[in-house]
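Enquirer: I would like the atomic coordinates for the input below:
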Amino acid sequence: MTPIANDRGMVLLLVLVVVALLSALLSEFAFSTLVDLRLTETFRDTTRAEYLARGGITAGRMILQNDRNSYDAKNDPDELWSLGVQDYPLAEGTISVRIDDLDGRLLLNKLVDQQGNIDSVYRDRFVRLCEELALDDPEGLANALIDWLDPDHDREPGGAEDVDYLALNPPYEATDGPLSSIDELPLIAGFDAETVKRLSPFVTSFGSGTLNINTATPELLRSWDTDTVTAIEALLDRRSEEGPFKLLDEVRTTLGVDAFTAMNRNLDLAVASSYYLINSRGRVNDGVRSMQAIVKKTDDQLIWQKVN
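Expert: Numbering: from 1, shown residues only. I've put the predicted structure just below:
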């Protein structure tokens with residue numbers, strides 16, 4: 001082969017190498033651009049979804065403000081707040097809103113009063129609820145919760161104080177005050193993931209301290225007082241067959257005077273509620289954002305809010 005032919009072959013080889021390198025670079029650039037574009041679209045859709053979720057919280061508050069009847073109940077046609085919204089199309093996305101009544105749950109912060117003393121009535125109610133739910137060591141759970149809530153550093157039997165939590169990895173201290181959220185429960189000794197999962201639908205960190213007879217679960221109603229278990233079944237039957245109680249006098253008639261007096265000895269029964277948990281979720285394409293808010297219906301007060 002002549003030198004010229006050899007030179008032409010080398011040139012061709014170099015051209016092929018350069019073309020291959022440029023193709024690889026172009027493919028990498030195109031892939032990177034596609035990934036960046038996809039991330040940008042996801043960020044855009046997630047941002048839009050968050051605004052939808054925020055709108056859902058606002059809508060939920062408006063629904064509650066328009067609820068002005070004398071009672072509050074679940075799955076009642078007259079109770080718009082209890083019906084919720086599922087994947088409602090809005091602004092190129094969807095929105096879902098669910099509203100739960102918190103006054104139909106046990107208020108955990110009531111286990112310790114404002115002076116830091118144990119409320120034995122609420123403690124017993126919590127223990128009985130744990131027994132209804134077949135949770136392990138209800139007494140230990142109650143004492144650990146009390147230690148978390150009370151301001152002193154004296155450990156209750158089976159409970160835990162700062163010295164116990166500081167020995168963990170990572171270490172932390174007990175709040176020694178009211179729960180700001182149910183999300184704190186996993187931090188408390190004995191409250192493992194399964195216990196928190198089973199307990200959460202029945203308890204709250206915010207509420208009026210009264211129990212809404214219409215929205216309380218059978219487990220919680222049976223836990224409210226030891227002397228009214230039989231009468232509670234009559235109450236549940238009445239609620240199921242005839243619908244919600246609209247007046248507290250109807251509850252007295254159903255339970256009987258003695259059972260009603262025992263159950264309402266602390267004057268903490270009601271047929272209406274003040275505190276609600278609003279769950280809102282916005283979705284735009286693959287972008288999803290959820291928000292939770294606790295509101296006080298009587299004055300539309302935002303108590304607590306979280307973005308997921």
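Enquirer: I'd like the distance between the residue lying closest to residue 70 once chain neighbours are set aside and residue 71.
Expert: Closest residue in space to residue 70, ignoring its immediate chain neighbours: residue 246 at 5.7 Å, by C-beta to C-beta, 6 or more residues apart in numbering. Yep, even glycine has a C-beta here, placed from its N, CA and C like the rest. Counting by C-beta to C-beta, to the nearest Å, the gap from residue 246 to residue 71 is 5 Å.
Enquirer: What residues does residue 48 make contact with?
Expert: 91-93, 282, 284, 287 (C-beta atoms under 8 Å, 6 or more residues apart in numbering).
Enquirer: Most neighbours among the residues you listed, which one?
Expert: Among those, the one with the most neighbours (other C-beta atoms under 10 Å) is residue 282, at 27 neighbours.
Enquirer: pretty sure that one belongs to a strand, no?
Expert: Yes - counting by DSSP: H, G, I helix; E, B strand; the rest coil, residue 282 is part of a strand.
Enquirer: What's opposite it in the beta bridge?
Expert: Beta-bridge partners for residue 282, by DSSP bridges, are residue 95, residue 289.
Enquirer: Show me the strands in this protein, by range?
Expert: Per DSSP state E, the chain carries strands over the ranges 85-90, 93-101, 106-107, 203-204, 211-212, 269-270, 275-284, 287-296, 301-307.
Enquirer: Buried deepest among these, which one?
Expert: strand 211-212 (a mean of 26; mean count of other C-beta atoms under 10 Å).
Enquirer: Which elements pack onto it?
Expert: Where contact means 3 or more C-beta pairs under 8 Å, 6 or more residues apart in numbering; DSSP states H and E, strand 211-212 is packed against helix 218-224, strand 269-270.
Enquirer: Go through the strands of the chain and name the closest to residue 51.
Expert: Among these, the nearest to residue 51 by C-beta to C-beta is strand 275-284 (7.0 Å).
Enquirer: can you give me how far the closest one is from the chain middle?
Expert: Chain-centre distance of strand 275-284: 10 Å, with C-alpha atoms, centre = their mean, to the nearest Å.
Enquirer: Just the local confidence number for residue 91, please.
Expert: Looking at residue 91, its pLDDT is 81.
Enquirer: Over to residue 6?
Expert: Reported pLDDT for residue 6: 61.
Enquirer: now swap in residue 12 and tell me
Expert: pLDDT for residue 12: 69.
Enquirer: hmm, back to that, what's the most buried one of the helices and strands packed on strand 211-212?
Expert: Across the helices and strands packed on strand 211-212, averaging neighbours per residue (mean count of other C-beta under 10 Å) puts strand 269-270 on top, at a mean of 22.
Enquirer: Counting by contacts, list what it packs against.
Expert: Using 3+ C-beta pairs under 8 Å, 6+ apart: strand 269-270 touches strand 211-212, helix 248-255.
Enquirer: Run me through the strand neighbours of that strand, direction for each.
Expert: Going by DSSP bridges, the partners of strand 269-270 are strand 211-212 (parallel).
Enquirer: now the partner strand, how far from the centre of its chain.
Expert: 18 Å.
Enquirer: can you pull the contacts of the closest residue in space to residue 225 that isn't next to it in sequence?
Expert: Nearest non-adjacent residue to residue 225, counting by C-beta to C-beta, 6+ apart: residue 263, 4.7 Å away. Applying C-beta under 8 Å, 6+ apart, we find residue 263 in contact with 224-225, 227-228, 231, 255, 269.
Enquirer: Quick check: the farthest pair among these?
Expert: 227 and 269 (14.2 Å).
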